[in-house]
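A.B. asks: predicted model, plus sequence, below.
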Amino acid sequence: PPPDNPMLPEFLNRFTSDPTWQRLQNTIEEVHPDLDSERLRISEALKRYSVHFNRDTLPELVAYNSGFNVGIYPSSNYLGVGLEWYSGSDNPIVKQLPPDLFPQYKRDKMKPRYLVPNAIKGWLFYTHQDLVGETLLEQMVFRGKMLFIAKVLTEDTEANILNFSEVELEWCRDSEYDIWDFFLKEDLLFSSDLKQINKILSDGPFTPGMPPESPGGVGNWVGLQMVQAFMDENDEVSLKDLLEVDEQRILKYYKPGR
């Protein structure tokens, strides 16, 4: 209920004394006895952002137990992280989650190593959401920019930034030309059909229209490759200036499968 509801204390007490919630809290405390390492990495990433983007006000990290409701909650002043989402895909309590709400592909991403990159990605997407375009190409480039910046800020691997396994990443590299060919044959690049775009960018067991070996949201990987190719040839472009580069200019530097 809202904060002024007189029943709030009773509801809160009922929630925090629930045996299942307490068990989840114990699991979190076992997996994350402290957040010293993660807090330091997030703090360093945000400091790098402050330098690159000339921004003084940065969010404060807040960790919580959301009961598997909200994994990352970014705002202007706070960066919230639901620790239970990063308690390990092999954790017994994760294995007991209802498969209809938490299919295997979601559980596979509940790894502690994804906490820092996901926190920074979430905050970047929130902070720069006004740059999101309408077509698939525009949205892939936007996501590519956010992923590239997150990779630079966190100094993390491509696999961790994308939440991909090494096998999924290798499939993308081997299939890059075929992925791009699929976009062209289906006339997807300049489509603003949200349903079609979501199929390419949203998480899932695989990307619809592609082989079952493909990772979900393969368009995110393509977007990152596009931005990476552009930045490799334009190292004078700052991260701040990258946000202003239009997708057509970035597209010129992308040679899929080469």
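C.D. replies: Everything's here; your move. Numbers count the residues shown, from 1 in each chain.
A.B. asks: show me where pLDDT drops low in this protein?
C.D. replies: 258 (pLDDT under 70).
A.B. asks: helices along that one, start to end?
C.D. replies: Here the chain has its helices, by DSSP state H, at 8-16, 19-31, 36-53, 92-95, 104-107, 115-127, 136-154, 158-162, 166-174, 176-185, 194-201, 218-233, 239-242, 247-251.
A.B. asks: among those, which is nearest residue 211?
C.D. replies: helix 166-174 (8.2 Å; Cβ to Cβ). (Each C-beta comes from the backbone N, C-alpha and C, glycine too.)
A.B. asks: could you say what helices and strands that closest one packs with?
C.D. replies: On a contact count with 3 or more Cβ pairs under 8 Å, 6 or more residues apart in numbering; DSSP states H and E, helix 166-174 meets helix 158-162, helix 218-233.
A.B. asks: what's the neighbour count on the nearest residue to residue 160 once chain neighbours are set aside?
C.D. replies: Once flanking residues are discounted, residue 160 sits nearest to residue 117: 5.1 Å by Cβ to Cβ, 6 or more residues apart in numbering. Neighbourhood size, residue 117 [other Cβ atoms under 10 Å]: 24.
A.B. asks: dump the residue contacts of residue 117.
C.D. replies: Going by Cβ atoms under 8 Å, 6 or more residues apart in numbering, residue 117 touches 150, 154, 156, 160, 161, 163.
A.B. asks: which of the helices and strands packed on helix 166-174 is buried the deepest?
C.D. replies: Highest mean neighbour count among the helices and strands packed on helix 166-174 (mean count of other Cβ atoms under 10 Å): helix 218-233, with a mean of 22.
A.B. asks: helices or strands next to that one in the packing?
C.D. replies: Looks like helix 218-233 contacts helix 136-154, helix 158-162, helix 166-174, helix 176-185, helix 194-201, helix 247-251 (3+ Cβ pairs under 8 Å, 6+ apart).
A.B. asks: please identify the most buried of these.
C.D. replies: helix 136-154 (a mean of 24).
A.B. asks: check the offset of that helix from the chain's centre.
C.D. replies: With Cα atoms, centre = their mean, to the nearest Å as the basis, helix 136-154 stands 10 Å off its chain's centre.
A.B. asks: that helix vs helix 218-233, what angle?
C.D. replies: Here helix 136-154 points in a direction 70 degrees away from that of helix 218-233 (axes from the mean of the first three to the mean of the last three Cα atoms, to 10 degrees).
A.B. asks: angle of helix 136-154 against helix 194-201?
C.D. replies: Counting by the same axes, to 10 degrees, helix 136-154 lies at 40 degrees to helix 194-201.
A.B. asks: tilt between helix 136-154 and helix 36-53?
C.D. replies: Using the same axes, to 10 degrees: helix 136-154 against helix 36-53 is 120 degrees.
A.B. asks: mind exporting the C-alpha coordinates of helix 136-154 to PDB?
C.D. replies: Output of helix 136-154 as PDB, limited to C-alpha atoms (Å, rounded to 0.1, in the frame of the first residue of the first chain):
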ATOM      1  CA  LEU A 136      15.200  -1.500 -36.100                       C
ATOM      2  CA  LEU A 137      18.400   0.100 -37.400                       C
ATOM      3  CA  GLU A 138      18.000   3.100 -35.100                       C
ATOM      4  CA  GLN A 139      17.300   1.000 -32.100                       C
ATOM      5  CA  MET A 140      20.200  -1.400 -32.800                       C
ATOM      6  CA  VAL A 141      22.600   1.500 -33.100                       C
ATOM      7  CA  PHE A 142      21.300   3.000 -29.900                       C
ATOM      8  CA  ARG A 143      21.700  -0.200 -28.100                       C
ATOM      9  CA  GLY A 144      25.100  -0.700 -29.600                       C
ATOM     10  CA  LYS A 145      26.100   2.700 -28.300                       C
ATOM     11  CA  MET A 146      24.900   1.900 -24.800                       C
ATOM     12  CA  LEU A 147      26.600  -1.500 -24.800                       C
ATOM     13  CA  PHE A 148      29.900  -0.100 -26.200                       C
ATOM     14  CA  ILE A 149      29.900   2.700 -23.600                       C
ATOM     15  CA  ALA A 150      29.100   0.100 -20.800                       C
ATOM     16  CA  LYS A 151      32.000  -2.000 -22.100                       C
ATOM     17  CA  VAL A 152      34.400   0.900 -21.900                       C
ATOM     18  CA  LEU A 153      33.200   2.100 -18.500                       C
ATOM     19  CA  THR A 154      33.200  -1.400 -16.800                       C
END
